[in-house]
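Enquirer: With the input below, show me the fold.
(3 chains)
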Amino acid sequence: MVITLTTDFGHKDPFAGVMKGVVLSINPQVRIVDLTHEIPPQDIKEAAYVLWDSFPYFPSGSVHVVVVDPEVGSERRAIIINSHGQFFIGPDNGVFTKIIPEAKEIRRLTPLLSPLNLRGGSQRGATFHGRDVFAPAAAWLSKGKKPSAFGPAVKDPVTLSLPEPLIKKGRLYGEVVRFDRFGNAITNISDKDLSFLMGKRPIVKIKRLALPIAAYYAQAGEMKAGAIINSNGWLEIFSYLGSAKDILRLVKGTPVEVHAG
Amino acid sequence: MVITLTTDFGHKDPFAGVMKGVVLSINPQVRIVDLTHEIPPQDIKEAAYVLWDSFPYFPSGSVHVVVVDPEVGSERRAIIINSHGQFFIGPDNGVFTKIIPEAKEIRRLTPLLSPLNLRGGSQRGATFHGRDVFAPAAAWLSKGKKPSAFGPAVKDPVTLSLPEPLIKKGRLYGEVVRFDRFGNAITNISDKDLSFLMGKRPIVKIKRLALPIAAYYAQAGEMKAGAIINSNGWLEIFSYLGSAKDILRLVKGTPVEVHAG
Amino acid sequence: MVITLTTDFGHKDPFAGVMKGVVLSINPQVRIVDLTHEIPPQDIKEAAYVLWDSFPYFPSGSVHVVVVDPEVGSERRAIIINSHGQFFIGPDNGVFTKIIPEAKEIRRLTPLLSPLNLRGGSQRGATFHGRDVFAPAAAWLSKGKKPSAFGPAVKDPVTLSLPEPLIKKGRLYGEVVRFDRFGNAITNISDKDLSFLMGKRPIVKIKRLALPIAAYYAQAGEMKAGAIINSNGWLEIFSYLGSAKDILRLVKGTPVEVHAG
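Expert: Residues are numbered from 1 along each chain as shown, chains lettered A, B, ... in the order given. I've put the predicted structure just below:
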């Protein structure tokens, strides 16, 4: 069995390592994979996209833990989702927006065990549910415990309104929603959204450029901008051997338009 | 069995990966967890705190390797400690200051094996004890070898003088000792230190602020400073959705005071 | 069995995590070790050096995957190498320059399986061979599949011209080729290259300094520059508790000279 971690912890602090210690204390056999610990602090939307792009590549029955959790310790709920043959654990704050529509089961995660209290008598703050609530639950799920064992069904999970592309007068209007480490700009337009062109050649307009869709990065000239369908099926604006973000001064929300060439 | 790594290697170089290669060559079954590789270069005190906060969450018998080692290759000793039901391996330079008071056994680590010499005849420098001394010892410990097999008992391990809070005229005086990735300032005052208030409500003074203790981060207003008992039991100064370090211009050593409200 | 990963992905994106998901879907038992994901973007030479320094510390039969691949998706070949009792997988762009001279077998990697197509019907771009080609091949190799099963023999693999030191009139001329996280400058001069001195004491000239070779870092004064044979056998310029790169204003290509003292 595999457990993945997606957090905004960064790499300076031992937070992720400590979660792994808790997991391995309960299930010494499980394999733990870091998806990323570099979600921008508190950026729930980015976590929602990253998880959606990544989970299909894991074995069925995998458990995906997300800790991007600005409201930790407050009354916000924690949830467990069974969807797409896999499990998802984290705060009920919208990180699972893209997972929820096809969920077979959503349960509230009410800690089974009293909080860990390892140095006798010390009253720890309620600020690290990743360690004290999500990691133990993930370990128990990976050992076969059922979501229903953790709490009651949830009918009204929190979902975010993520920007959706729209078609108007034969043109598709979308926007940049995030950037990868190379400065590539990922849009909210997927390969399927391009079917409205009915096979015609797409032209991508961003800033004042009109770009065809390249088959691979090196097809664009060096430091020149290009458009591509990326490895997760999203329309992406890139610059070969450069940063599209910097060169074109793109931000989250920069408009992108597609029409027939 | 679990081996953890705490280093100042950063993530650019393959140093930690190579240590894992050495470990898995000796014990292919052991699980290896990164606590952090982002200890500030040579910052022995920070490593001492990080290890102290983290090790209790690992299974009994775990082996914790620390490589923050400015004197590597010199006459400084390497040691193995058996304490709290776990093992600790690293340089004898104070990284184990908080572990040592309850140690059951401290041994000098005198390499059992001649140094690895993998490309015949090459005389490698003595600059990577993490790979050549600590990793092999950790792997052998994880396979059941006893600390006494590695060298003679050590009676006088090096310890650092870490700043301790003190009570004077009904007030507790401490200081900021480190920061986490979010800019939260962690003090040397623990939840137990607050018992001098005998149940009265604590007020935390830092810079010109007087703060009550919050139950969770979101309880403070956005970008406002707050005080909290963090998940490891330390009094922490935070700013909700911001960096307390930047907003309050805190440094290591900034004084913190607690009195009854 | 062990699979290692060496990439320029950085840590922001889930690329490495997704590769691990693919590997564990095929071989749930294999151990995966990150060598580094911080190769500077597209820096094939640095990847070649890092791999060369690291692979000898892994068990025989390990599989080393390198994804530093500016031409991904173009006609550049992918290759599998059997060398030094281990396997190497990646683009045929020179990352294996130092491995190839002793290779027993080099095969073209022609994907056995049609590309993963996980969300029915979606036509993904050919931009992530790490996930779609290299990770599955590494997993199958780790399960015992032979390199010959993946494609035809390659007679003309791509190799880079890496700068080699040379001896002229009793002096050895080399250069700085890379830096580690501490700002240590690693040269292309190895301990073996120093045998031309026939036992005489080496003096290392860099910028206007003439340095003896230290036995360990702390032997140089604080913030003073020194020369050392590093843990991989390379002549390295360092500054104790400082960054030689910054203090001496070194760059890749800065000349280094060695003569008898």
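Enquirer: mind listing the strands for the stretch 1-150 of chain A?
Expert: Taking DSSP state E, counting those that start in this stretch as the criterion, the stretch 1-150 of chain A contains strands spanning A:2-7, A:31-36, A:63-67, A:78-83, A:86-91, A:103-108.
Enquirer: other SSEs contacting the last one?
Expert: Put plainly, it is strand A:103-108. strand A:78-83 (3 or more Cβ pairs under 8 Å, 6 or more residues apart in numbering or on different chains; DSSP states H and E). (Glycine included, C-beta is placed from N, CA and C.)
Enquirer: Could you do the shortest one as well?
Expert: In terms of contacts (3+ Cβ pairs under 8 Å, 6+ apart), strand A:63-67 is packed against strand A:2-7, helix A:44-54, strand A:86-91, helix A:135-142.
Enquirer: Can you list the strands that it pairs with?
Expert: Strand A:63-67 has these partner strands in its sheet, going by DSSP bridges: strand A:2-7 (parallel), strand A:86-91 (parallel).
Enquirer: and C:Asp34, which of those is closest to it?
Expert: strand A:2-7 (14.2 Å; Cβ to Cβ).
Enquirer: what angle separates the closest one from helix A:135-142?
Expert: For strand A:2-7 against helix A:135-142, the angle by axes from the mean of the first three to the mean of the last three Cα atoms, to 10 degrees is 150 degrees.
Enquirer: how far does strand A:2-7 sit from the chain's center?
Expert: For strand A:2-7, the gap between its own C-alpha mean and the chain's C-alpha mean amounts to 11 Å (Cα atoms, centre = their mean, to the nearest Å).
Enquirer: next one: stretch A:172-185
Expert: The chain centroid and the centroid of stretch A:172-185 are separated by 14 Å under Cα atoms, centre = their mean.
Enquirer: Kindly report the same for stretch A:162-179.
Expert: Here the centre of stretch A:162-179 is set off from its chain's centre by 19 Å, with Cα atoms, centre = their mean.
Enquirer: buried residues in it?
Expert: By neighbour count, with 16 or more other Cβ atoms under 10 Å in any protein chain shown as the criterion, the buried positions of stretch A:162-179 are A:Pro165, A:Leu172, A:Gly174, A:Glu175, A:Val176, A:Val177, A:Arg178, A:Phe179.
Enquirer: Could you say which helix or strand holds the third one?
Expert: By that I understand A:Gly174. When secondary structure is defined by DSSP states H and E, A:Gly174 falls within strand A:171-179.
Enquirer: need the contact list for A:Gln219.
Expert: When the contact criterion is Cβ atoms under 8 Å, 6 or more residues apart in numbering or on different chains, the partners of A:Gln219 are A:Gly226, A:Tyr240, C:Gly73, C:Ser74.
Enquirer: repeat that for 7 Å
Expert: Residues near A:Gln219 by Cβ atoms under 7 Å, 6 or more residues apart in numbering or on different chains: A:Gly226.
Enquirer: now swap in A:Val256 and tell me
Expert: Counting by Cβ under 7 Å, 6+ apart, A:Val256 touches A:Gly174, A:Glu175, A:Val176, A:Thr187, A:Ile189, A:Val204, A:Ile206.
Enquirer: any chance of the strands paired with strand A:63-67 in JSON lines, plus mean pLDDT?
Expert: As requested, those are exported to JSON lines (pLDDT from 0 to 100):
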{"stretch": "strand A:2-7", "mean pLDDT": "98"}
{"stretch": "strand A:86-91", "mean pLDDT": "97"}
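Enquirer: can you tell which of these is closest to A:Ile99?
Expert: Shortest distance between A:Ile99 and the strands paired with strand A:63-67, using Cβ to Cβ, is found for strand A:86-91: 5.6 Å.
Enquirer: Please produce CSV containing the buried residues of stretch A:162-179, extended by pLDDT and distance to chain B.
Expert: Written out in CSV, the entries for the buried residues of stretch A:162-179 read as follows (pLDDT from 0 to 100; distance: Cβ to the nearest Cβ, whole Å):
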residue, pLDDT, distance to chain B
A:Pro165, 96, 29
A:Leu172, 97, 35
A:Gly174, 97, 28
A:Glu175, 98, 24
A:Val176, 97, 23
A:Val177, 97, 21
A:Arg178, 96, 19
A:Phe179, 96, 20
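Enquirer: And the residue of the stretch 101-250 of chain A closest to chain C?
Expert: Taking Cβ to the nearest Cβ as the measure, the stretch 101-250 of chain A has A:Tyr216 as its residue closest to chain C, at 2.5 Å.
Enquirer: Apart from its chain neighbours, what residue comes closest to that residue?
Expert: The shortest distance from A:Tyr216 to any residue that is not its chain neighbour, by Cβ to Cβ, 6 or more residues apart in numbering or on different chains, is 2.5 Å, and that residue is C:Gly73.
Enquirer: was I right about that neighbour contacting A:Gly226?
Expert: No - distance between C:Gly73 and A:Gly226: 11.7 Å, which falls outside the contact criterion (Cβ atoms under 7 Å).
Enquirer: Between those two, point out the one with more neighbours.
Expert: A:Gly226 (23 against 19; other Cβ atoms under 10 Å in any protein chain shown).
Enquirer: On the pLDDT front, check the more buried one for me.
Expert: A:Gly226 carries a pLDDT value of 93.
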